[in-house]
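> structure for this input, please:
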Amino acid sequence: MTVSTVTPGSVPYATLLSFTRYVGRTGPRKASFVGGLRRQRESGSGFNPHGQLVKALKADIRFRTGGTYLNAVVEQVNSRWRPLYESVVPGALRYIESIGDLSQVEVTPTRDALGMLGSLPVKINPHFGLRYADGHGEAVRLHFDEDPPQDEAAVATLHLMTRHMDLVLPNATPVLVDLRRGDVLRPDPSVKPGEVERWLAGEAAAFAAMWGTPA
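Model prediction:
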């Protein structure tokens, strides 16, 4: 379930995934997307098909097996999800290669954070953390969609993770991994945080207004 309410009748809170997917849409597609989220919450539906994939990816990094777990999980997953896994695993293997020497990195837990954008709470939830031998860390958020992350969604994801990094994973930086292609996106130093914050506050206000106005 990607969106729920803090208390009955209150404004919703959005996961990082749902909110950044929302900001990546334009025009009427925004309202239809929010309406779909609301209906999903009301029906209690929603399933994450990526859980086994994330576990396999973390295991290959943790145990320095370079793809053994990822290749195996393609055969182990429910046949319904096998085409999805087959399409994502090659990029996931490229991502592992991009990390470099796996003996110099450890998988580490991250904490979820609840950030406020105006009156809208947004749950900041990386998939896992990495801690390197030199002490620096990365909080990793994975993008599984068929299309690459849109610029707006990537900026929003990295900004919101940076905003709460002291809680999520101290002394770390956020990364967004486009897992199908194995690409790693990091914060652009030319982006002005204040401008992003004002933009996201406006998006959050519109999200909450659309949530409260059934189609």
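
> can you give me the helices in the chain?
Here the chain has its helices, by DSSP state H, at 16-23, 28-43, 51-62, 68-76, 82-99, 151-163, 165-168, 193-211.

> so which of the ones you listed is the most packed in?
Among those, judged by mean count of other C-beta atoms under 10 Å, the one packed with the most neighbours on average is helix 16-23 (a mean of 23). Where C-beta positions appear, they are placed from N, C-alpha and C, glycine not excepted.

> how much space separates residue 169 from residue 19?
Counting by C-beta to C-beta, to the nearest Å, the gap from residue 169 to residue 19 is 20 Å.

> low-confidence stretches in the protein?
Applying pLDDT under 70 to the chain picks out residues 1-11, 44-46, 213-215.

> if you set the cut-off to 80 instead, what comes out?
1-13, 41-47, 212-215 (pLDDT under 80).

> okay, the helices of the chain in a markdown table with distance to residue 135 next?
Formatted as a markdown table, the helices of the chain follow (distance: least, C-beta to C-beta, whole Å):
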| stretch | distance to residue 135 |
| --- | --- |
| helix 16-23 | 26 |
| helix 28-43 | 39 |
| helix 51-62 | 18 |
| helix 68-76 | 27 |
| helix 82-99 | 16 |
| helix 151-163 | 18 |
| helix 165-168 | 15 |
| helix 193-211 | 24 |
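
> out of these, which comes closest to residue 110?
Residue 110 lies closest to helix 165-168 among those, at 5.2 Å (C-beta to C-beta).

> show me what that closest one packs onto, helices and strands only.
If you count contacts as 3 or more C-beta pairs under 8 Å, 6 or more residues apart in numbering; DSSP states H and E, helix 165-168 packs onto strand 172-178.

> okay, the angle between the strand it packs on and helix 82-99?
With axes from the mean of the first three to the mean of the last three C-alpha atoms, to 10 degrees applied, the angle from strand 172-178 to helix 82-99 works out at 140 degrees.
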